[in-house]
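Enquirer: Please find the sequence and the predicted model below.
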Amino acid sequence: MPGGSVARVLVDSPLPQLDQLFDYSVPERLRESARPGVRVRVPLRTGGRIAVGWLIELVESSEFRGTLSELDDVVSEVPLLRPEVWALARAAADRAAGNASDILRLAVPSRYVRVERAWQAADPDAGPLPAELPPIPGSAPGAIEAGLASGSRMSLAVDPRPVRLPTGEWVGAWAATLAQAAAHALAADRSAVVIVPDYRDQEQLQAALAASVDPRRVLRTDARQSGGDRYRAFLEATRDEARIVIGNRSTIYAPAPRLGLIAMWDDGDGLLNEPLAPGVHPRDAALIRQEQSGAALLFAAHTRSVEVERLVEIGWVQELPTPRHVRPRVIPTEQQASPEPGSARIPSAAWRQAQEAVREGPVLVQVARPGNAPLLACDRCREPARCPACGGTLVVPREGGIARCVLCGTSASAWSCPVCEGTRLRAVTVGASRTADELGRAFPNSRVVLSDGERPVLRVGPEPALVVATRGAEPVADGGYRAVLLLDGERMLLRESLRVAEDCLRWWSNAAALAAPGAPVFLVGVAGALATALSTWRQPEWARAELAARRALRFPPAVRVASVTAAASTLARSLDAAREVEGVDVLGPVPIDEGLERAIVRFDYGAGPRVSNELRAEMIRVATERRRPVAGRPVRRPPVLRVRFDDPDVP
DNA sequence: AGCACGCCGACT
DNA sequence: GTCGGCGTGCTC
């Protein structure tokens, strides 16, 4: 049999002490089916106990000094785990001191036996490779092609406008660029993996791909598919034919033979944050996979993330030349109040132009999501409350907190209503539906289209309409919007997060990129560096300044962080272990609930492997040390040491 | 995790 | 003598 008769197996287990390969002998009856990459059942520790795992490799002999147990069974003969995906999972897990089996759970969908049988019975038919492709748009002629050929790491500020596909559909120009880049990889018989934050982006990308690639060469892996469809697409991707695989954050682990391109749209979008352990961001997994595979890597966005800016600054990622795109015509307007009835949130200039534009075609109004940081109004007459000192909007920054002004920060403890002299404030949540209502009255002859997270609209036609959308749910308009109003900038900036400014710049930029060339984009109620970055369309400059500020503070992504949670004594020991590594400093610990403490370990990128090694060793030690009896009666308390690397919500 | 091994107290 | 209690340690 090829490769030897000892099977090395990774067992499915969340236990850190089991995150290693165990050796088993292969019984005669499994000689044919026990191939690397198949799912297997193995006995673990004692007779009756059977664990599931992955057959990683076959070797001639074992280092294990003891008698090997036999493989119990091969679950499916299909080698679902390709060697390069295993290598990626191992490296991604190591980077975050996590279990490889946790990564593999993201990488391989659950099995559908009927789907698998049908797939095995069917004749493979991947369709032809694309031929005679047009050049890749969006950068200098030939620049992306050259990067593809040489396996470069690239950052691209994409053309900020909607474009019309040969099929007649309109998509963001970014989708056409990424689709063409993937098609070019495919034309060279290489696979491409394209990661997008959500399914609406995926729809645009798929529409753009349909224009030049046989649909059999395009596989999608997303949560909207049924489990069976997802498994079928996954099985197809394990074949040796080159494919384009598109999907969400876990698609970075998709099987893809002869990988030629990894592309990621809008890597700063929070939907790409991986919530499942060990929480490896697909951007980091992509960087690992790029190095392992030699594929090209392309980060495309309107707003460069601070993380990519860092990679550009250290020279790891190369900035692609950007042609002189027609930029959105952004008009920052600080003023809030407007005399027109029913238009309290829209400045008068923007108001007039929007009314004119909506006679010609669709007008986009971007609003904040309802719910967080509600605005305040007079409890008696419902007049929106304003700061007595400067006229700014009043908000309650946290639940139960004291109202303050968003502009000057003045506390509004002694507020009284200028209209009715009431003294009580009430929270009002202005979401999309309420704005749609207001605007519907203010634009009496316009059709109003509402798009929010619950009922998203993917596209609107070129006919006049007022399109009210929560940020991130903006439909693409055929031909582009005739005007865009970014209404709730102030409110969006109230979110408490290190990334809030970058997020806002991203939301505004992405909405502005839906405007028709030359159409006005009004940014309402926001001034300063962010407004300038948007109106000059120089987001990378903003990212550069932001990274410099984070460097001065030693905040991520200037450094890496790991949050460590444990009981005080355990934590102290683990932190000592981490401090052994040069370039490490520790914030905290601070007490959190249930007798636990948390600390933040900060370290330079170069110290990363040693920090994760040290913390991993501590996790194994804590998991295997004898349970300490508390004086008197023995208490079985499971030992806790939680480690989370590169948490986007830290600090 | 989850299960077997083993080293002390109460039993036939 | 030896049954079984639950702490201890290991998983190819």
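Expert: Now that the structure is in, tell me what you want to look at.

Enquirer: Quick check on the closest residue in space to A:D222 that isn't next to it in sequence: phi, psi?
Expert: Spatial nearest neighbour of A:D222, chain neighbours left out: A:G247 (5.0 Å); criterion: C-beta to C-beta, 6 or more residues apart in numbering. Just so you know, the C-beta spots here come from the backbone N, C-alpha and C atoms, and that holds for glycine as well. Dihedral angles of A:G247 (phi, psi; degrees, to the nearest 10) stand at phi 170, psi -170.

Enquirer: most centrally placed residue in chain A?
Expert: A:L272 (1.1 Å; C-alpha atoms, centre = their mean).

Enquirer: neighbours around the residue lying closest to that one once chain neighbours are set aside, how many?
Expert: Nearest non-adjacent residue to A:L272, counting by C-beta to C-beta, 6+ apart: A:R249, 4.9 Å away. For A:R249, the count of nearby residues is 24 (other C-beta atoms under 10 Å).

Enquirer: pretty sure the residue nearest to the centre of chain A is touching A:H281, no?
Expert: Yes. The criterion here is C-beta atoms under 8 Å, and A:L272 meets it with A:H281 at 6.6 Å.

Enquirer: end to end, how far does stretch A:301-317 reach?
Expert: Counting by C-alpha to C-alpha, to the nearest Å, you get 14 Å between the two ends of stretch A:301-317.

Enquirer: I'd like the average pLDDT over the one helix or strand A:T532 maps to.
Expert: Secondary structure assignment for A:T532, by DSSP states H and E: helix A:529-535. Mean per-residue pLDDT for helix A:529-535: 94.

Enquirer: Just the buried positions in the helix or strand following it, please.
Expert: Under the assignment DSSP H and E, the closest C-terminal helix or strand after helix A:529-535 is helix A:539-553. By neighbour count with 16 or more other C-beta atoms under 10 Å, helix A:539-553 contains the buried residues A:Q539, A:P540, A:W542, A:A543, A:R544, A:E546, A:L547, A:R550.

Enquirer: now do stretch A:303-313
Expert: So stretch A:303-313, judged by 16+ other C-beta under 10 Å, has buried residues A:T303, A:R304, A:S305, A:V306, A:E307, A:V308, A:E309, A:R310, A:L311, A:V312.

Enquirer: Tell me the pLDDT of the last one.
Expert: pLDDT recorded at A:V312 is 98.

Enquirer: In space, what's closest to A:L18 - neighbours in sequence excluded?
Expert: A:V11 (5.5 Å).

Enquirer: Looks like that neighbour contacts A:L104 (just checking).
Expert: No. Between A:V11 and A:L104 there is no contact under C-beta under 8 Å: 11.0 Å.

Enquirer: So between these two, which is more surrounded?
Expert: A:L104 (22 against 19).

Enquirer: Packing partners of the strand or helix carrying A:L205?
Expert: A:L205 is part of helix A:199-210 when elements are defined by DSSP H and E. Applying 3 or more C-beta pairs under 8 Å, 6 or more residues apart in numbering; DSSP states H and E, one finds that helix A:199-210 contacts strand A:170-172, helix A:173-187, strand A:218-221, strand A:244-247.

Enquirer: Can you tell me how far A:S110 is from A:G247?
Expert: 16 Å (C-beta to C-beta, to the nearest Å).

Enquirer: who does the residue nearest to A:L18 bridge with?
Expert: On the basis of DSSP bridges, A:V11 is bridged to A:G53.

Enquirer: Could you tell me the per-residue confidence at it?
Expert: The model's pLDDT for A:V11 equals 96.

Enquirer: What is the three-state secondary structure of the residue of the stretch 1-150 of chain A found nearest DNA strand B?
Expert: Distances between the stretch 1-150 of chain A and DNA strand B by C-beta to the nearest atom of the strand are smallest at A:T46, namely 4.1 Å. Classification of A:T46 by DSSP: H, G, I helix; E, B strand; the rest coil places it in coil.

Enquirer: Out of the helices and strands packed on helix A:199-210, flag the one nearest DNA strand B.
Expert: strand A:218-221 (30.1 Å).

Enquirer: re the thing from before, ok, the buried residues of stretch A:303-313 vs DNA strand C, which is closest?
Expert: A:E307 (36.4 Å).

Enquirer: So that closest one versus A:P109, what's the distance?
Expert: From A:E307 to A:P109 the distance is 28 Å (C-beta to C-beta).

Enquirer: can you point me to the longest helix in chain A?
Expert: helix A:608-624 (DSSP state H).

Enquirer: Can you show me the CA trace of whichever helix or strand comes after that helix as PDB?
Expert: As assigned by DSSP H and E, the chain's next helix or strand after helix A:608-624 is strand A:641-645. Extracted in PDB, the C-alpha atoms of strand A:641-645 (Å, rounded to 0.1, in the frame of the first residue of the first chain):
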ATOM      1  CA  LEU A 641      -7.600  28.800  30.900                       C
ATOM      2  CA  ARG A 642      -9.200  30.600  28.000                       C
ATOM      3  CA  VAL A 643      -6.900  32.200  25.400                       C
ATOM      4  CA  ARG A 644      -8.200  34.200  22.400                       C
ATOM      5  CA  PHE A 645      -5.700  35.700  19.900                       C
END
